[in-house]
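1. Have a look at this prediction, sequence included:
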Amino acid sequence: MPGQASVPPPAGPVGGAAAAPRVLRQRRRRPGLIAMSVALIAAGGLSGALLFTASGQRTAVLVVARDVPAGAPITDADLTTASLALDPAVKAVPAAKKSGTVGQRAAVALKAGALLSPSQVTSVSLVKPGEQLVGVALKPSQLPASRLAPGQRVLIVSTPDAAQAAGGKPVEGAAGAAPKTLAATVVAVGLPAPATGVVVVDVAVPASDGPALAARVATGAVALILAAREG
């Protein structure tokens, strides 16, 4: 009609019905799955805590501070302590037993830095009842080049005496005669003298042979050889 304002049509799609609002479907919760997830998380946390606790448990044990030959007495300077996380299968000497370990002997050769085990220590002396300890001073030419160690079986050989040879007296060990030998056990080996290289080897011999060996050693007419290993 003339003079009447036009009314705009209602908003919305032209020529069609209004779209129905979208309904969001709510996800269904699964209580069983949630409980399982919580249980797995808790189990993982517990395992991590146990592993951390186990790895953090350290034990103070004895460690060899320097080389100790077999049979030698163990001194306080030969041992040190360390705090280690050990497997239950590893046998070690606790640091609290250091005072009781000092004074005992090494059952085997101990190497610096190695963990000390109970089987490597013994209270048995290399000098048995009925034996005597004799120190034998030897020049480098009177003993093997191989390093001697406590516990080794050796033979002390009587060598020709220069004084007897000069006087025309019978000489032990002369050609055609078997030299006199004495079986002994090495107990300790000293350090070579700086000027002469002479080494003093302590050997255990039967008490009945001790005085004769000491007198023979005083003349310097002896030599030391390694005995053959049994077996």
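-> Okay, I see it.

2. Every contact and neighbour count from this point should use C-alpha atoms.
-> Will do.

3. Just read off the phi/psi values of Gln142.
-> Per-residue torsions, Gln142: phi -100, psi 0 (degrees, to the nearest 10).

4. That one: neighbour count?
-> Burial of Gln142 is recorded as 18 neighbouring residues (other C-alpha atoms under 10 Å).

5. so it touches Leu224, yeah?
-> Yes - in this structure, Gln142 is within contact of Leu224 by C-alpha atoms under 8 Å, at 6.1 Å.

6. Give the residues shared as contacts by these two.
-> Counting by C-alpha atoms under 8 Å, 6 or more residues apart in numbering, Gln142 and Leu224 have no common neighbour.

7. Beyond the least confident helix or strand in the chain by mean pLDDT, next helix or strand please.
-> When the helices and strands of the chain are scored by mean pLDDT, DSSP states H and E, helix 162-166 comes last with a mean of 56. Where DSSP states H and E defines the elements, the next helix or strand beyond helix 162-166 is strand 181-189.

8. partners of that next one in the sheet?
-> Strand 181-189 has these partner strands in its sheet, going by DSSP bridges: strand 153-158 (antiparallel), strand 199-206 (antiparallel).

9. Now the longest one: average pLDDT?
-> Okay, so that is strand 199-206. Strand 199-206 shows a mean pLDDT of 93 in the predicted model.

10. After it, which helix or strand is next?
-> helix 210-219.

11. Contacts for that next one next, please.
-> Contacts for helix 210-219 (C-alpha under 8 Å, 6+ apart): Glu131, Gln132, Leu133, Val134, Gly135, Val136, Ala137, Ser158, Asp161, Val222.

12. which one of those residues is nearest Thr196?
-> Ala137 (11.2 Å; C-alpha to C-alpha).

13. Which pair in the contacts of helix 210-219 has the greatest spatial separation?
-> Glu131 and Asp161 (26.5 Å).

14. hang on, the earlier thing: got JSON lines for the strands paired with strand 181-189, with distance to Pro118 and mean neighbour count too?
-> Below are these laid out as JSON lines (distance: least, C-alpha to C-alpha, whole Å; neighbours: other C-alpha atoms under 10 Å):
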{"stretch": "strand 153-158", "distance to Pro118": "25", "mean neighbour count": "21"}
{"stretch": "strand 199-206", "distance to Pro118": "26", "mean neighbour count": "22"}
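
15. So Gly184 sits against Val154, correct?
-> Small correction: residue 184 is Ala, not Gly. Yes - checked against C-alpha under 8 Å, the pair Ala184 and Val154 is within contact range at 5.4 Å.
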